[in-house]
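Colleague: 3D model of this:
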Amino acid sequence: MGLNHSNPKLFPGDIVEYPRNKYFSHFGIYFGERDGVPYVAHLTSRDADTKIPLFGRALRSEIKLDPLEMLGTKYKVNNMLDDTHSPRDFHSVVKPAIEDMMGREVTFDILFHNSEHQATLFRYGVKKSQQIELIYKHVMPAWKKLFDKKQL
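Modeller: Numbering: from 1, shown residues only. Below is the predicted model:
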C-alpha cells in the first residue's frame, strides 16, 4: 500500500512501516483514532537519556502512543507475516498488551528487540525482524570466511 502518503486504509492492529533509509524502517501498530487523530503505538528511545544507542542498544526505551504522522508522512501497511501467522485480535489481545506496556522501560536492541520485533510481537505474538534477517544473510557468509581463516 501507498508509500508517498496515499493515505492507505488502516485498521487497528495493522503494522505501519515508515521507511527511514535504504536498509531500515521504523515500525508501529495502528492503534486507531482518538478525537479524530490516528495513533500508532511503537517502540522508541526518543525520550531516553542516550540519544544514540550504544552498541545498537538503548537501555531506556518504551512503548509510546503517537499521532500517525508524527513518525513520518511516508508510510505503508506491512502485515508481513499474515501468510504464515494469524493476527491476534486487536481489542481483546493487542490493545490490552500495548496499554500494559506503555510507560514501562524496555531495552531497544537493533538485533534482538527493535521496533519491527515489537510490532510483530504485538500483532502475531512472535518476535521477528525481516530487515535484520536480510542483513544476517549478507553478514554471516563474510563472518564464516573470517572464522575459517582464523581472522575473527
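Colleague: Please make it C-alpha for all contacts and neighbour counts, starting now.
Modeller: OK.
Colleague: Could you pull out the helices in the protein for me?
Modeller: Ranges of helices within the chain are 95-101, 115-124, 130-148, based on DSSP state H.
Colleague: Most tightly packed of those?
Modeller: helix 115-124 (a mean of 25; mean count of other Cα atoms under 10 Å).
Colleague: just the angle between that one and helix 130-148, please?
Modeller: Put simply, helix 115-124 runs at 130 degrees to helix 130-148, going by axes from the mean of the first three to the mean of the last three Cα atoms, to 10 degrees.
Colleague: CA-only coordinates of helix 115-124, as CSV, when you get a sec.
Modeller: Extracted in CSV, the C-alpha atoms of helix 115-124 (Å, rounded to 0.1, in the frame of the first residue of the first chain):
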residue,chain,number,x,y,z
SER,A,115,10.6,-1.7,16.5
GLU,A,116,9.9,-4.4,14.0
HIS,A,117,10.3,-7.2,16.6
GLN,A,118,7.9,-5.3,18.9
ALA,A,119,5.3,-4.7,16.2
THR,A,120,5.3,-8.4,15.2
LEU,A,121,5.2,-9.4,18.8
PHE,A,122,2.0,-7.3,19.4
ARG,A,123,0.3,-8.4,16.1
TYR,A,124,1.3,-12.1,16.0
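Colleague: helices or strands up against it?
Modeller: Here helix 115-124 touches strand 15-19, strand 25-34, strand 37-44, going by 3 or more Cα pairs under 8 Å, 6 or more residues apart in numbering; DSSP states H and E.
Colleague: Quick check: Lys64 touching Arg104?
Modeller: No - with contact defined as Cα atoms under 8 Å, Lys64 does not count as touching Arg104 (9.7 Å).
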